[in-house]
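> coords below, sequence missing:
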């Protein structure tokens, strides 16, 4: 019985070690890609929609159809700096987006705006 326990334990340790050293998590998650505003501005359509919020770039192309407002609400901000629109729901005295919107936004993050 002790042999089976030792073999099982050794197998577990080896498996864990293998996945730890060779698994996906070894890829650097902290590598940030930087884009110039000129490149962001090229993604200004329903087929490629990038927006900038607080100097972070989000590819919301696939989300546009799921957004609760009509598609043109996001489309007019594709390829543009959109922080004020996000913070006010594109109204002069509007409310900020919901907590849910703030929580899902990172799913669409693709990089940071290169400032210079």
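Sure, I can see it. Values in this document were obtained by computation on a predicted structure and should not be read as measured data. Numbers count the residues shown, from 1 in each chain.
> can you pull out the strands in the protein?
For the chain, the strands defined by DSSP state E cover 34-35, 44-45, 48-53, 56-59, 80-81, 109-113.
> May I see the buried residues of the third one?
By neighbour count on 16 or more other Cβ atoms under 10 Å, the buried set for strand 48-53 is 49-53. Placement of C-beta: from N, CA and C, glycine included.
> Could you list the residues in contact with it?
35, 37, 40, 42-43, 57-61, 64, 74-75, 77-83, 86, 105, 110, 113 (Cβ atoms under 8 Å, 6 or more residues apart in numbering).
> PyMOL command to pick out the buried ones of these?
Selection of the buried residues among these in PyMOL, burial being defined by 16+ other Cβ under 10 Å:
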select buried, resi 35+40+43+57+58+59+60+61+64+74+75+77+78+79+80+81+82+86+105+113
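> Columns distance to residue 100 on top of the strands of the chain, output as CSV?
Putting these into CSV (distance: least, Cβ to Cβ, whole Å) gives the following:
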stretch, distance to residue 100
strand 34-35, 26
strand 44-45, 26
strand 48-53, 15
strand 56-59, 15
strand 80-81, 23
strand 109-113, 16
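> now the ones you listed as a markdown table including distance to residue 90 and mean pLDDT?
Formatted as a markdown table, the strands of the chain follow (distance: least, Cβ to Cβ, whole Å; pLDDT from 0 to 100):
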| stretch | distance to residue 90 | mean pLDDT |
| --- | --- | --- |
| strand 34-35 | 23 | 98 |
| strand 44-45 | 16 | 98 |
| strand 48-53 | 12 | 97 |
| strand 56-59 | 16 | 98 |
| strand 80-81 | 11 | 98 |
| strand 109-113 | 20 | 98 |
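> of those strands, which approaches residue 3 most closely?
Residue 3 lies closest to strand 109-113 among those, at 50.2 Å (Cβ to Cβ).
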